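Asker: sequence first, predicted model second:
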Amino acid sequence: MSAPRDDPSSLAGLSAADLAAAVARGDRSATQVVEGSLQRARDAGAGRDGLNILLYEDADAASRDHGTSVGVAPGPLFGVPVVVKDNIATTAMPTSCGSRILEGYVSPYDATAIVRLREAGALVIAKSNMDEFAMGSSTENSAFGPTKNPLAPDRVPGGSSGGSAAAVAAGIVRVALGSETGGSVRQPAAFCGVVGVKPTYGRVSRYGLVAFASSLDHIGVFGRTVDDAALCLQTIAGFDPMDSTSRAEPVPDYRAGARSASKGNDFRGIVVGKPKEYFPDDLDSRIREKCDAALEHMKQRGAVIRDVSLPHTGLAIEVYYIIAPAEASANLARFDGVRYGLRIEGHGLRGMYEATRSAGFGAEVTRRILLGTYVLSAGYYDAYYRKAQQVRALIARDFSAVFDSGVDLLFTPTTPTTAFPLGAKSDPYEMYLSDIFTCTANLAGVPAMSLPIGRIDGLPVGGQLIARHFGEQGLFAAAYALELALGEDALR
Ligand code: GLN
């Protein structure tokens with residue numbers, strides 16, 4: 001029996017595009033949509049004492065200006081509820097970055113991505129939990145407690161955008177925003193069985209994204225499906241004068257492109273590279289099988305699968321964990337008790353800085369600041385930071401060389417494991433290894449996406465597609481076709 005038309009919970013099954021059409025037709029009101037999403041959040045136990053997915057909710061999201069002005073055609077996300085990571089600035093809710101130091105802080109402006117969502121008609125209903133300042137791979141580093149994976153509540157959702165991934169997995173929303181510095185959208189997408197996209201560096205404005213490591217930071221999107229993610233990304237992408245690293249390349253219609261490219265023989269003429277460094281001998285054999293099955297689907301539909309090599313991949317984790325903390329140590333210097341959030345008085349100005357930062361930052365953030373300060377200090381700069389920048393250039397060159405050799409896309413596992421149990425990784429280095437297949441795309445700035453390709457013992461496995469700079473169109477086309485080809489296999 002189908003749900004009654006005015007039952008807000010019946011919105012759960014509609015794609016973002018179909019929901020926008022339904023609201024534009026007047027089948028649903030924006031208020032019903034917001035109520036429906038927040039009701040689903042309650043039903044899923046998404047609050048702080050449950051799965052701990054959402055930190056702040058905006059029950060009045062429907063009453064805010066969201067492209068409803070009279071005379072304006074409804075936007076592509078008209079009436080579509082969206083959950084946004086807690087490090088993306090919003091005026092209607094706090095932006096605390098999962099940190100005590102910014103607890104309750106409300107930004108005086110909206111991030112460009114938020115402005116674009118709202119102009120497209122979207123309803124920003126909640127801020128999601130995250131690892132403090134996006135440092136982590138499990139959302140256990142949040143000052144507000146860990147998020148639990150809605151598919152297996154004894155496990156992590158991945159991180160650092162774990163709350164946004166979980167919000168989509170729990171059916172609260174079809175689309176969500178996250179951020180990526182080394183894999184923080186793709187890795188939780190893989191762990192939660194949803195689609196996660198990190199666009200090209202410069203494709204989406206970072207204005208209003210609280211900086212972690214500026215040369216690696218991106219805003220990314222989650223979708224229940226490839227189509228949902230495509231719609232969300234094309235809404236927020238494009239040049240922004242407020243971000244000097246944003247780029248002016250025109251934004252294609254990713255959705256339309258994906259649909260037309262995948263008619264007929266989906267992968268005909270596409271060369272898919274299988275980089276050997278992402279399929280090491282000790283890769284979990286079950287993850288390898290899922291990847292091979294996905295590659296076989298592509299091959300059957302006309303793809304040419306080519307073994308390739310990205311020889312500097314093995315250095316990526318070390319390079320990432322020098323550059324990211326170095327940039328973080330500079331970016332986080334602004335949280336000193338003077339301008340933002342928490343202030344704890346001490347003896348004099350220095351005492352106030354010490355007391356505020358000691359109380360405000362958690363252990364992982366403190367570790368990164370110390371590490372970053374060390375690698376930037378005189379005497380170590382050349383040995384660590386400069387060297388890491390040189391190796392970073394080699395990693396980027398690996399990608400250019402492969403794409404220049406006629407490879408259209410790369411296919412890899414997104415993560416070396418499925419979602420691990422809460423508390424399982426107490427050694428920071430072990431946690432860092434979660435990013436082994438993802439941080440390379442951030443170092444090179446190339447676009448990459450994770451989509452569900454199967455399950456192991458009920459836990460989702462993500463497959464990663466990587467393209468050349470501004471190759472999002474090709475990513476979406478391939479991912480859309482692969483999603484169709486896999487069908488129910490993605491859930492098995
Ligand atoms: N897990 C990585 C880190 O801890 C990546 C985080 C991210 O992409 N924001 O730095």
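Answerer: Okay, I see it.
Asker: flag every residue of the stretch 301-450 of the chain that's near the ligand.
Answerer: Ala324, Asp435 (Cβ under 6 Å from any ligand atom). To be clear about C-beta, it is placed using only N, CA and C from the backbone, and glycine gets the same treatment.
Asker: ok, which stretches of the stretch 301-450 of the chain are strands?
Answerer: 304-308, 409-413, 448-456 (DSSP state E, counting those that start in this stretch).
Asker: what does the stretch 1-150 of the chain give?
Answerer: Under DSSP E, counting those that start in this stretch, the stretch 1-150 of the chain gives strands at 54-57, 81-85, 123-128.
Asker: mind giving me the packing neighbours of the host helix or strand of Ala477?
Answerer: Element membership for Ala477, per DSSP states H and E: helix 472-486. Applying 3 or more Cβ pairs under 8 Å, 6 or more residues apart in numbering; DSSP states H and E, one finds that helix 472-486 makes contact with strand 195-198, helix 226-236, helix 254-261, helix 285-300, strand 409-413, strand 448-456, strand 459-466.
Asker: what about Trp455, neighbour count?
Answerer: Quick fix: residue 455 is Arg, not Trp. Using other Cβ atoms under 10 Å, Arg455 is surrounded by 18 other residues.
Asker: what pLDDT is listed against it?
Answerer: With respect to pLDDT, Arg455 has a value of 98.
Asker: isn't it right up against Leu486?
Answerer: No - the criterion here is Cβ atoms under 8 Å, and Arg455 misses it with Leu486 at 11.4 Å.
Asker: and whatever residue of the stretch 351-492 of the chain ends up closest to the ligand, what is it in contact with?
Answerer: Closest to the ligand within the stretch 351-492 of the chain is Asp435: 4.7 Å, counting by Cβ to the nearest ligand atom. Residues in contact with Asp435 (Cβ atoms under 8 Å, 6 or more residues apart in numbering) are Ser137, Gly182, Gly183, Gln187, Ile317, Tyr320.
Asker: hang on, the earlier thing: quick one: which of the helices and strands packed on helix 472-486 is nearest Gly273?
Answerer: strand 409-413 (4.6 Å; Cβ to Cβ).
Asker: and the closest one, what other elements does it pack with?
Answerer: strand 271-275, helix 285-300, strand 459-466, helix 472-486.
Asker: name the residues that touch that strand?
Answerer: 270-275, 278-279, 283, 287-288, 290-291, 294-295, 298, 308, 310, 402, 437, 461-467, 471, 474-475, 478.
Asker: quick one: which of the helices and strands packed on helix 472-486 is nearest Pro157?
Answerer: strand 459-466 (10.6 Å).
Asker: next, count neighbours for the residue lying closest to Gly178 once chain neighbours are set aside.
Answerer: The shortest distance from Gly178 to any non-neighbouring residue, by Cβ to Cβ, 6 or more residues apart in numbering, is to Ser161 (3.0 Å). Residue neighbour count, defined by other Cβ under 10 Å, stands at 37 for Ser161.
Asker: what residues are up against the closest residue to Thr415 other than its chain neighbours?
Answerer: Among residues not flanking Thr415 along the chain, Ala190 sits closest, at 4.9 Å (Cβ to Cβ, 6+ apart). By Cβ under 8 Å, 6+ apart, the residues touching Ala190 are Gly158, Gly196, Thr414, Thr415, Ser450, Pro452, Pro460, Val461, Gly462, Gln464.
Asker: show me what the helix or strand of the chain with the lowest mean pLDDT is packed against.
Answerer: Sorting the helices and strands of the chain by mean pLDDT, DSSP states H and E puts helix 254-261 at the bottom, at a mean of 84. Other elements packing on helix 254-261 under the criterion 3+ Cβ pairs under 8 Å, 6+ apart are helix 226-236, helix 472-486.
Asker: quick one on the thing from earlier: so which of the strands of the stretch 1-150 of the chain is nearest Gly223?
Answerer: Using Cβ to Cβ, the nearest of these to Gly223 is strand 81-85, at 10.7 Å.
Asker: that older thread, now the contacts of strand 409-413: which count as buried?
Answerer: 270-275, 278-279, 287, 290-291, 294-295, 298, 308, 310, 402, 437, 461-467, 471, 474-475, 478 (16 or more other Cβ atoms under 10 Å).
Asker: which one of the contacts of Ala190 is nearest to Arg357?
Answerer: Distances from Arg357 to these, taken by Cβ to Cβ, are shortest for Gly158, at 27.8 Å.
Asker: which stretch of helix or strand covers that closest one?
Answerer: Residue-wise, Gly158 maps onto no helix or strand under DSSP H and E.
Asker: wait, it touches Pro146, no?
Answerer: No - under the criterion of Cβ under 8 Å, Gly158 makes no contact with Pro146, lying 11.3 Å away.
Asker: mutual contacts of these two, please.
Answerer: Ser138, Thr139.
Asker: out of these two, which sits in the more crowded spot?
Answerer: With neighbours defined as other Cβ under 10 Å, Gly158 and Pro146 compare such that Gly158 has more, 36 against 21.
Asker: who's in contact with the more buried one?
Answerer: 137-139, 149, 165, 187-192, 415, 419, 434.
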